[in-house]
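*Asks:* Below are the sequence and a predicted model for it; my questions follow.
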Amino acid sequence: MSAPYVIRGSVSLPEAELMWRFSRSSGPGGQHVNTSDSQVELRFDLGRTTALPPVWKERALERLAGRLTDGVVTVRASEHRSQWRNRETAAVRLASLLAEATAPPPKPRRATRIPRGINERRLRQKKQRGDTKRGRSGRDWH
């Protein structure tokens, strides 16, 4: 990998905890595709990692529960012809997935009232539009 992939702040993906697997890709490559293992599968053991703070880890385990297999999150990449670019893509994808999963929950929305003037203006415009449409009917023409 070219650089440590930052999840958020000073927390990044530890190279030692990443498990890589390579296989033949079904993607682009021409004659080259039959000889090279360009598809990349990146696995990260979220259940056993020590790189994430406990609160983040708990949050990620909860949010990614549907994607986990025995506490391991897997990301695949096979868009590029080169294994190196697929490795980069998979690592960036995993980092962004973990960043999203460990993000703090959004602040609750504060309920606000719609100003009376806005509501009145809306109703006035609806009435005006209805009058315009009513004026188009040819009922009163003799």
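*Replies:* Right, received. Where do you want to start? The model shown is predicted, which means the values in this text are computed figures rather than measured ones. Numbering: from 1, shown residues only.
*Asks:* Name the residues linked to the closest residue in space to residue 94 that isn't next to it in sequence by a beta bridge.
*Replies:* Leaving aside its sequence neighbours, residue 94 sits nearest to residue 75 (C-beta to C-beta, 6 or more residues apart in numbering; 4.6 Å). (Glycine included, C-beta is placed from N, CA and C.) As for beta bridges, residue 75 partners with residue 42 under DSSP bridges.
*Asks:* Spit out the contact partners of residue 72.
*Replies:* 43-47 (C-beta atoms under 8 Å, 6 or more residues apart in numbering).
*Asks:* May I see the PyMOL selection of the buried members of those residues?
*Replies:* Buried members of these, defined by 16 or more other C-beta atoms under 10 Å, are picked up in PyMOL with:
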select buried, resi 43+44+46
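*Asks:* Out of the contacts of residue 72, which comes closest to residue 65?
*Replies:* Comparing the contacts of residue 72 against residue 65 with C-beta to C-beta places residue 46 closest, at 10.3 Å.
*Asks:* where's the dip in pLDDT among the contacts of residue 72?
*Replies:* Lowest pLDDT of those: residue 47, 84.
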